[in-house]
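A.B. asks: output the structure for:
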Amino acid sequence: MDDAGEIHAFGRSLRRESSVWSRGGEELFSRSSRDEDDEEALRWAALEKLPTYDRARTAVLAMPEGELKEVNVDRLGAQEKHALLQRIAWVGDDHERFLSKFKDRVDRVGIQLPTIEVRYDNLNVEAEAYVGSRGLPTILNTYANVLEGLANALHLTQNKKRKISILHNVSGIIKPHRMTLLLGPPGAGKTSLLLALAGTLPSSLKMSGDIIYNGHTMDEFVPRRSAAYVSQHDLHMAELTVRETVNFSAKCQGIGHRFDLLMELSRREKEENIKPDPEIDIYLKAAATGEQKAEVVTNHILKVLGLDICADTLVGNNMLRGISGGQKKRVTTAEMLVTPGRALFMDEISTGLDSSTTFQIVNSIRQTIHIIGGTAVIALLQPAPETYELFDDIILLSDGQVVYNGPREHVLEFFKSMGFKCPERKGVADFLQEVTSRKDQGQYWINSDETYRYVPVKEFAEAFQSFHVGQAIKSELAVPFDKNGSHPAALKTSQYGASMKELLKANINREVLLMKRNSFVYIFKATQLTIMAIIAMTVFLRINMHHDSVTDGGIYMGALFFGILMIMFNGLAEVGLTIAKLPVFFKQRNLLFFPAWTYTLPSWLIKTPLSLLNVTIWVGITYYGIGFDPNVQRFFRQFLLLFLMNEASSGLFRFIAGLARHQVVSSTLGSFCILIFMLTGGFVLARENVKKWWIWGYWISPLMYAQNALSVNEFLGHSWNKTIPGFKEPLGNLVLKSRGVFPDTKWYWIGAGALLGYVLLFNILYTVCLTFLDPFDSNQPTVSEETLKIKQANLTGEVLEASSRGRVNNSTIASRDTEDGSNDESTSNHATVNSGKKGMVLPFVPLSITFDDIKYSVDMPQEIKAQGVAESRLELLKGISGSFRPGVLTALMGVSGAGKTTLMDVLAGRKTSGYIEGNITISGYPKKQETFARVSGYCEQNDIHSPNVTVYESLAFSSWLRLPANVDSSTRKMFIDEVMELVELSPLRDALVGLPGVSGLSTEQRKRLTIAVELVANPSIIFMDEPTSGLDARAAAIVMRAIRNTVDTGRTVVCTIHQPSIDIFESFDEVLNAVPTCSKEKKTVKQHTGNSYCLSTLLIPDDHVCLCSSS
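C.D. replies: Okay, here's the model as predicted:
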């Protein structure tokens, strides 16, 4: 009977257990399926008679009660909208089925979907960088760079920067209906190639060569809207939920050609009397028309990427707990998959994801590309063999040159012709990334009759040109693409995807959300102002204030000045709030989400009510409490002046933040402006006392206009309209003249008008700054001499000589513009660690950790309780037992969200909330967190370091704080050197750490620095969360070698891991696998949260562990 109850108006199952379409037994027999079919047929017949415009907006919707209802998708009520979203939920559950049905529908009426073919010919990208320590942000270098820049502009000196080639004569074709995998070692130029193809290459890089979309050059259309670039850096508003983040992107990027496609479909189907598939019809109409269109596409993408389980969770950041790193990476992908662009350029989208999840996401993209004809280039770091098999073409880059570009089936054939073969148990993707490496290449040599010699990248590139695949590409590039064959909807010519009204509305709604989520800041500001107002009222209490002399007037003027200062300081918080959002703004501006003014206008207007509230608090408490002139009109005039002053100061600090684009610089500049305005504002120094060379500061100071206007408002009032002996003028005029204020009523309106002008000026300047300025970058691009030599040697095959110093000054091109990482050949050449060493300068006691029946639970969230769950606690870890031993490297594995990090946090004592049960012992003794913290280390997944220090300075600082006081300086230095050698950081001793994705160390080098920072504390037990996330196979191998060296010293090391290659997996001694529980009593909780876990010890090779867990 339950099975029969799943029959609904369209005669298909939604396959959703908790679907609102399931109906009770009484309703099942109230109507026959024939009655439903008849009613459906009648409604479709009525729809066919409608004009095409109305037909494209009208759909047949099954309501929860089982009633079939004709609805206008443009005008849906709340109940109809909810029913619509539930009705089309199957689209995300069965992505391939949806795409196949959609393709069948357009094929039946002969509509051709737009496709994009991308060609690039002789593409070159260059950067300019200082060599050695010249680019480090020291005081001397900063001044030298400024002077050198001026001298270069005047053509007095030559530019001392070296030109660094990132891409060299790169050519190829990316075809629609095919998936292309971009591979290459760190520093190969993958990110630069993707940026160039997507039209988002930074202006600081020089590009030459041709990039052609469907025969059109990049200046004939808007490439940043025709293509979607998915960055490797996850920049999101931490206070927004996953759904809100993706939905905002969908609203900004618009619906593209979906509405035109729907109209053409409806017209042709009506002409040919074709009844469309109801399920596809309602989805297309909902996604192309009506207010819910962005929400429909958002829900679809969230389901496809597996983000529906965390859709209403905050994204979070380093200071605000939110979604996991793997989920954040998927949010970055989802943000761009909602775009109507037909070409996808995706940079390292698998960071932090397990192999199973990566496979599912790439497979979903593959279905889209193959079925509806998209174009995709995806750079992956460690693709598993099954993920690698999903791709049709391979582009292999090394040192900026194309080593191979063509069908996946021929790539091994090419390298075999060069004398290299992939071992049977080696992943092909790992082989491809290592075969061009000087350090790793020799192990794949198969020509036993010839002596192995290093084959340089240049030789590979030249050999590929004569390979049959390279010849075919060259021949195809010689024939121009026929522009007439390009679909009109393929390339976008408009700058933005939605109207200015829609973009402004989207930004206003987001700004309101951010204000709600940051309400604590505004409540704190209001509370602070209230306290200061009470203090001011008691200091200047009216019973102690008199109106009898000029001195009394000076005290009242001091009270006015103090009020102006408090209101001005109240706007200083805008610096921090603005700077925090700028990275996301710059990303979205560069991707043409919106023009800058639609972002800056809401940040000003939406906060106006808060200004009114703050000024109301101040004036309401102080005006009559201090004893200002008891005139209602003058009360409201003071209110207006202080309101304008608050708006002007907020606009000023927003402008400073937009101009400086850096927290430290903005705070310094903001404080400097306050100081200047105070000194020249007319109170600290009267106008007559301001020196003539500073008088310009007096006339441009907003504080001066506020002070003069408030003084005129107060001292021309009734309370001061009295004369004192010896003077004919009223006392108020005498007070004003004593402070250099013009005793004229018009100065109130001059002050108000000037402040209003400043409000507009500062906000306009803020908009101009965000429109034209790029993100702040204080570091100059830098590369070491040794790195340049290594790069050149890899290209030409020269023999490298060992460095006499044993280290380099800086190993990376310290610029976001050049590449996400760097070539680690320098590290490999200087790796002299003896993996078998056990002793170190500082001794430690090897310790084991044993845990028995560990349970961890939190209070049941109110959202889940509201859905009928009776339990008071949500159990996240259930009855876990195990042990970790010295000298044994243990891998903690499992699918994303399986509780790996949660278990490590509990064992390490890092959980500050929730309920922990069970026993934890350290070498047989009960664990005490106070002492355990001294003998343990924890390497977080996020590599957070001070950016403006070197590698050695980072370790020295950590050792000063964490080593016992009885360790002398020389021993400490020896221990630091030993740790650096252990994790292979000696070549990077003097390298600047920099910011992730902007400057300094590469991702893999940061991972090793994170490990070293913990090691210099000399711990016995070390926990590592995702030490290989975000790394390619070679970089991961370097990190794992460092970890293995750490274990060989006798320490206990536990690592969570997502995507282990065979080599990495075999580095571990033991495996602990985390799997979601399937217990019957937890079924309801799991359905809503997916976070109830049990663990079992398994020894199963790499990805099979994650696949078994997810299934």
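A.B. asks: in the chain, what helix or strand scores lowest on average pLDDT?
C.D. replies: In the chain, no helix or strand scores lower on mean pLDDT, DSSP states H and E than helix 1083-1089, which sits at a mean of 29.
A.B. asks: identify the residue nearest the geometric centre of this protein.
C.D. replies: residue 235 (1.6 Å; C-alpha atoms, centre = their mean).
A.B. asks: which residues touch the spatially closest residue to residue 621 that is not a sequence neighbour?
C.D. replies: What sits nearest to residue 621 in space, not counting adjacent residues and going by C-beta to C-beta, 6 or more residues apart in numbering, is residue 533, at 4.0 Å. To be clear about C-beta, it is placed using only N, CA and C from the backbone, and glycine gets the same treatment. Residue 533 sits next to 566, 617-618, 621-622 when contact means C-beta atoms under 8 Å, 6 or more residues apart in numbering.
A.B. asks: moving C-terminal of the top helix by length along the chain, what's the next helix or strand?
C.D. replies: For the chain, the longest helix by residue count, based on DSSP state H, is helix 632-660. Sequence-wise, the next helix or strand downstream of helix 632-660 (DSSP states H and E) is helix 663-679.
A.B. asks: that following helix versus helix 632-660: what angle between them?
C.D. replies: Using axes from the mean of the first three to the mean of the last three C-alpha atoms, to 10 degrees, the direction of helix 663-679 lies 140 degrees away from that of helix 632-660.
A.B. asks: quick one: contacts of helix 663-679?
C.D. replies: Helix 663-679 has contacts (C-beta under 8 Å, 6+ apart) with 565, 568-569, 572, 575-576, 578-579, 652-653, 656-657, 659-660, 684-685, 697, 701-704, 776.
A.B. asks: my guess is residue 324 meets residue 899, correct?
C.D. replies: No. Contact criterion C-beta atoms under 8 Å: residue 324 and residue 899 do not qualify, at 10.8 Å.
A.B. asks: follow-up on the earlier one: the residue nearest to residue 621: what secondary structure?
C.D. replies: helix (DSSP: H, G, I helix; E, B strand; the rest coil).
A.B. asks: just to revisit the earlier point, so the residue nearest to the centre of the chain belongs to a strand, correct?
C.D. replies: No. Residue 235 sits outside any strand when classified using three-state DSSP, being coil.
A.B. asks: any idea how far residue 868 is from it?
C.D. replies: Distance, residue 235 to residue 868, by C-beta to C-beta, to the nearest Å: 38 Å.
A.B. asks: thinking again about what came up before, are any of the contacts of helix 663-679 buried, and if so which?
C.D. replies: Taking 16 or more other C-beta atoms under 10 Å as the criterion, what is buried in those is 565, 568-569, 572, 575-576, 578-579, 652-653, 656-657, 659-660, 685, 697, 701-704, 776.
A.B. asks: per-domain residue ranges of the chain.
C.D. replies: Listed by automatic domain parsing, the domain ranges of the chain are 4-87, 170-485, 512-772, 850-1110.
A.B. asks: how many neighbouring residues does residue 742 have?
C.D. replies: Around residue 742 sit 14 other residues, with neighbours defined as other C-beta atoms under 10 Å.
A.B. asks: that one: what's it in contact with?
C.D. replies: 708, 712, 736.
A.B. asks: which SS class is the first one?
C.D. replies: What that stands for is residue 708. Classification of residue 708 using three-state DSSP returns helix.
A.B. asks: just to check, it is in contact with residue 741?
C.D. replies: Yes. Between residue 708 and residue 741 there is a contact under C-beta under 8 Å: 5.1 Å.
A.B. asks: please enumerate the shared neighbours of the two.
C.D. replies: Joint contacts of residue 708 and residue 741 (C-beta under 8 Å, 6+ apart) are 682, 747.
A.B. asks: can you give me the helices in the stretch 401-550 of the chain?
C.D. replies: Assigned by DSSP state H, counting those that start in this stretch, the stretch 401-550 of the chain shows helices spanning 411-417, 428-434, 457-466, 468-477, 500-517, 519-539, 550-570.
A.B. asks: quick one, grab the pLDDT at residue 787.
C.D. replies: Note on residue 787: pLDDT of 67.
A.B. asks: with residue 160 instead?
C.D. replies: So, for residue 160, pLDDT stands at 76.
A.B. asks: cool, and residue 5?
C.D. replies: Reading off the model, residue 5 has pLDDT 37.
A.B. asks: try residue 940
C.D. replies: Turning to residue 940, the model gives it a pLDDT of 86.
A.B. asks: quick check: phi and psi on the closest residue to it other than its chain neighbours?
C.D. replies: Spatially, and ignoring its direct neighbours in sequence, residue 940 is nearest to residue 1025 (5.6 Å; C-beta to C-beta, 6+ apart). Backbone torsions for residue 1025, taken as degrees, to the nearest 10, come to phi -100, psi 110.
A.B. asks: just residue 1044 next, same as before
C.D. replies: Here residue 1044 shows phi and psi, under degrees, to the nearest 10, equal to phi -60, psi -40.
A.B. asks: what number of residues lie near the closest residue to it other than its chain neighbours?
C.D. replies: Among residues not flanking residue 1044 along the chain, residue 1067 sits closest, at 5.7 Å (C-beta to C-beta, 6+ apart). Using other C-beta under 10 Å, the number of residues around residue 1067 comes to 19.
A.B. asks: give me the pLDDT value at residue 1067.
C.D. replies: So, for residue 1067, pLDDT stands at 84.
A.B. asks: correct me, but it touches residue 888?
C.D. replies: No. Using C-beta under 8 Å, residue 1067 makes no contact with residue 888, being 12.0 Å away.
A.B. asks: need the nearest residue in space to residue 434, chain neighbours excluded.
C.D. replies: Nearest to residue 434 is residue 440, by C-beta to C-beta, 6+ apart, at 3.9 Å.
A.B. asks: what do you get for residue 771?
C.D. replies: Nearest non-adjacent residue to residue 771 (C-beta to C-beta, 6+ apart): residue 596, at 4.1 Å.
A.B. asks: dump the domains of the chain to CSV, plus distance to residue 159.
C.D. replies: Listed next are the domains of the chain as CSV, based on distance: least, C-beta to C-beta, whole Å:
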stretch, distance to residue 159
domain 4-87, 58
domain 170-485, 13
domain 512-772, 24
domain 850-1110, 20
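A.B. asks: relative to residue 843, which of the ones you listed is closest?
C.D. replies: Across the domains of the chain, the minimum distance to residue 843, taken as C-beta to C-beta, is reached by domain 850-1110, at 8.5 Å.
A.B. asks: next one: residue 294 from residue 242, what distance?
C.D. replies: 14 Å.
A.B. asks: between those two, tell me which one has more neighbours.
C.D. replies: The neighbour count for residue 294 versus residue 242, taken as other C-beta under 10 Å, is higher for residue 242 (28 against 24).
A.B. asks: my read is that that one contacts residue 306, right?
C.D. replies: No. Using C-beta under 8 Å, residue 242 is not in contact with residue 306, being 11.1 Å away.
A.B. asks: okay, helices next: where are they in the stretch 101-250 of the chain?
C.D. replies: All helices of the stretch 101-250 of the chain, identified by DSSP H, counting those that start in this stretch, fall at 139-153, 190-198, 223-226, 242-253.
A.B. asks: can you count the residues close to residue 695?
C.D. replies: For residue 695, using other C-beta under 10 Å, the count is 12.
A.B. asks: was I right to think the residue nearest to residue 940 contacts residue 901?
C.D. replies: Yes. Between residue 1025 and residue 901 there is a contact under C-beta under 8 Å: 5.5 Å.
A.B. asks: what does the nearest residue to residue 885 once chain neighbours are set aside show for phi and psi?
C.D. replies: Spatial nearest neighbour of residue 885, excluding adjacent residues (C-beta to C-beta, 6+ apart): residue 848 at 4.8 Å. Backbone torsions for residue 848, taken as degrees, to the nearest 10, come to phi -110, psi 160.
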